[in-house]
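# pasting a predicted model and its sequence here:
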Amino acid sequence: MALTGKVAVVTGSNSGIGLGVARTLAMRGAKVVINSFTDRAEDHDLARELAAEAGSEVAYIRADMSKGDDCRALIARAAERFGRVDILVNNAGIQHVERIEDFPVERWDAIIAINLTSAFHTTAAALPGMRAAGWGRIVNVASAHGLTASPFKSAYVAAKHGVVGFSKVTALEVAGEGITCNAVCPGYVLTPLVEAQIPDQMKAHGMDRDTVIREVMLARQPSKQFATTEQIGGTVAFLCSEDAAQITGTTISVDGGWTAL
């Protein structure tokens, strides 16, 4: 599954799933652009550290994924930096939990913009170059919530269902052109953000760590194990490989059996 010489852009990738995906692609030989909405010294340091670890080229490019112009500029700047964009991983996302009638309108708008609309903008910007090259891979990080639902997550569920549908449309529009588009649908993944929630859940439920993970956080995940960022990265890397050239317009669930229920 070597990706040597390919150029990949991973949105929302200075931590968590995005960073795990970026690391895996870099380790497979791709030149990688990592991204977030900040522009701190540590963001650029992270790119240099990842480059040293992987022995590949890694650059950090700031872009606010809630803004369409920033999304499209990210692709343009990546192509300027590395000559083209072969692989696009739309990963950027945020969450807010609230009843529909109490859901803040500004949070709804932000979630739809970052989790869904950004993928439209980056894809629209990347496709002309992929078409010209006759090769491309687009992987959209959706969620188990792109296939099922939970209460109080209306915006997130709506956005992730939209990502799955958008992936199918993209795949159909580029079928036969050497370009694929798929959605990866993780369940609960052990990221720093999730890890930070565990002590609060232990306190709230009066449970030890293993019990709160198994019975509260992973109640809907039959395996009772978190997926890892490395596993998500490996799934994305497979979809970017030649072995997956005829996998397009579909979803790959990495959810410990959640959506099999």
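Thanks, I have it.
# so how far is residue 101 from residue 194?
Per CB to CB, to the nearest Å, residue 194 is found 28 Å from residue 101. All C-beta atoms are positioned from the backbone trio N, CA, C, and that covers glycine.
# between the two, who's got more neighbours?
Set side by side, residue 194 and residue 101 show more neighbours around residue 194, with 14 against 5, by other CB atoms under 10 Å.
# what's near enough to touch that one?
If a contact means CB atoms under 8 Å, 6 or more residues apart in numbering, then residue 194 has 188, 217, 226 as its contacts.
# can you check the pLDDT for the residue nearest in space to the middle of the chain?
Closest to where the C-alpha atoms of the chain average out (CA atoms, centre = their mean) is residue 91, at 2.3 Å. With respect to pLDDT, residue 91 scores 98.
# now swap in residue 151 and tell me
On the pLDDT scale, residue 151 gets 95.
# part of a strand, is it?
No: counting by DSSP: H, G, I helix; E, B strand; the rest coil, one finds residue 151 to be coil, located in no strand.
# residues near it, how many?
By other CB under 10 Å, 9 other residues sit near residue 151.
# is it true that residue 107 touches residue 155?
Yes: at 6.7 Å, residue 107 counts as touching residue 155 under the criterion of CB atoms under 8 Å.
# now the common contact residues for those two.
Taking CB under 8 Å, 6+ apart as the criterion, residue 107 and residue 155 both touch residue 96.
# looking at the two, which is more packed in?
Using other CB under 10 Å, the more surrounded residue of residue 107 and residue 155 is residue 155, with 23 against 15.
# what's near enough to touch that one?
Each residue near residue 155 by CB under 8 Å, 6+ apart is listed here: 96, 103, 107, 108, 111, 112, 115.
# let's see 7 Å
Going by CB atoms under 7 Å, 6 or more residues apart in numbering, residue 155 touches 96, 103, 107, 108, 111, 112.
# can those residues go into CSV with extra columns for secondary structure, pLDDT and distance to residue 7?
Listed next are those as CSV, based on DSSP: H, G, I helix; E, B strand; the rest coil; pLDDT from 0 to 100; distance: CB to CB, whole Å:
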residue, secondary structure, pLDDT, distance to residue 7
96, coil, 92, 33
103, coil, 97, 38
107, helix, 97, 34
108, helix, 98, 34
111, helix, 98, 29
112, helix, 98, 28
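# mark which of the residues you listed are buried, thanks.
Neighbour counting by 16 or more other CB atoms under 10 Å classes 96, 103, 108, 111, 112 among these as buried.
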